[in-house]
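Enquirer: Here is a sequence with its predicted model. Questions after.
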Amino acid sequence: MNARRGHEVRLIGGQWKRSRLPVADRPGLRPSPDRVRETLFNWLGKDLGGWRVLDAFAGSGALGFEAASRGAAEVVLLERDAALVQSLRASRERLSAAMVQIHRADALGWMSRCAPARFDLVFLDPPFGTGLLDRAIALAAPLVAEGGFLYVESERPRTDLPQGFEPYREGRAGAVHHFLWARRYTAPLDSRGESP
């Protein structure tokens, strides 16, 4: 991790703009860089009012708290490291972020048990080099509602979108490739079981 003053990241916009989140010195923890988050939320739009959001590998919570800051109605943070969970809970308390739920959980196991189409936006930013991303994408895709988004950070380019998704935006910042994929709307079937 790059040395940053006080090991913190700042929120970019919304009601908690410029608030800082602590970044613990933990193996594999790699918070999304400020400029990547700024680009992502420019892609999504400034207001996420009413959105349901999952940050599956929360770490510092930068992505999830950014979504909450911009009006998301419900933000679920998953993190299995006990020290990071404690830090996330302290940040939630400090910001009075009642819409943020924090679960100490294995992200893959939690997503495998989650109801389909539960979220408007899912963030996937697992530690690089762990081999978790492919399985995480497969488990996260069904959780995204029609018209929703799946955001992925990867150490390499990706063109293998899950079924039902299409590219929306992508970029690169240093070693981080980042992708925003949109879930297509499915045309309703008529009485004969065919699309109109």
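Expert: Right, received. Where do you want to start?
Enquirer: any idea of the pLDDT on the residue nearest the centre of the chain?
Expert: Nearest to the centroid of the C-alpha atoms of the chain, with distances taken as C-alpha atoms, centre = their mean, sits Phe123, at 1.9 Å. We note a pLDDT of 98 for Phe123 in this prediction.
Enquirer: same deal with the one 3 residues further on?
Expert: We note a pLDDT of 92 for Pro126 in this prediction.
Enquirer: for Glu153, same thing?
Expert: 94.
Enquirer: Can you show me the strands along this protein?
Expert: For the chain, the strands defined by DSSP state E occupy 8-10, 20-22, 52-55, 74-79, 100-104, 119-124, 144-154, 165-173, 176-183.
Enquirer: Using CSV, please lay out those together with distance to Ala62.
Expert: Quick note: C-beta positions are derived from backbone N, CA and C, even for glycine. Shown next, in CSV, are the strands of the chain (distance: least, C-beta to C-beta, whole Å):
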stretch, distance to Ala62
strand 8-10, 5
strand 20-22, 6
strand 52-55, 9
strand 74-79, 10
strand 100-104, 12
strand 119-124, 10
strand 144-154, 11
strand 165-173, 14
strand 176-183, 13
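Enquirer: of all those strands, which lies closest to Arg37?
Expert: Across the strands of the chain, Arg37 has its closest neighbour in strand 8-10 (8.2 Å, C-beta to C-beta).
Enquirer: buried ones in the helix ranked longest in the chain?
Expert: In the chain, taking DSSP state H as the definition, the longest helix is helix 82-95. For helix 82-95, a neighbour-count test (16 or more other C-beta atoms under 10 Å) marks Leu84, Val85, Ser87, Leu88, Arg89, Ser91, Arg92, Leu95 as buried.
Enquirer: Mind giving me the packing neighbours of it?
Expert: Judged by 3 or more C-beta pairs under 8 Å, 6 or more residues apart in numbering; DSSP states H and E, the packing partners of helix 82-95 are strand 20-22, helix 62-69, strand 74-79, strand 100-104.
Enquirer: I'd like to know which of those is closest to Gly174.
Expert: With C-beta to C-beta, the closest approach to Gly174 among the helices and strands packed on helix 82-95 belongs to helix 62-69: 16.3 Å.
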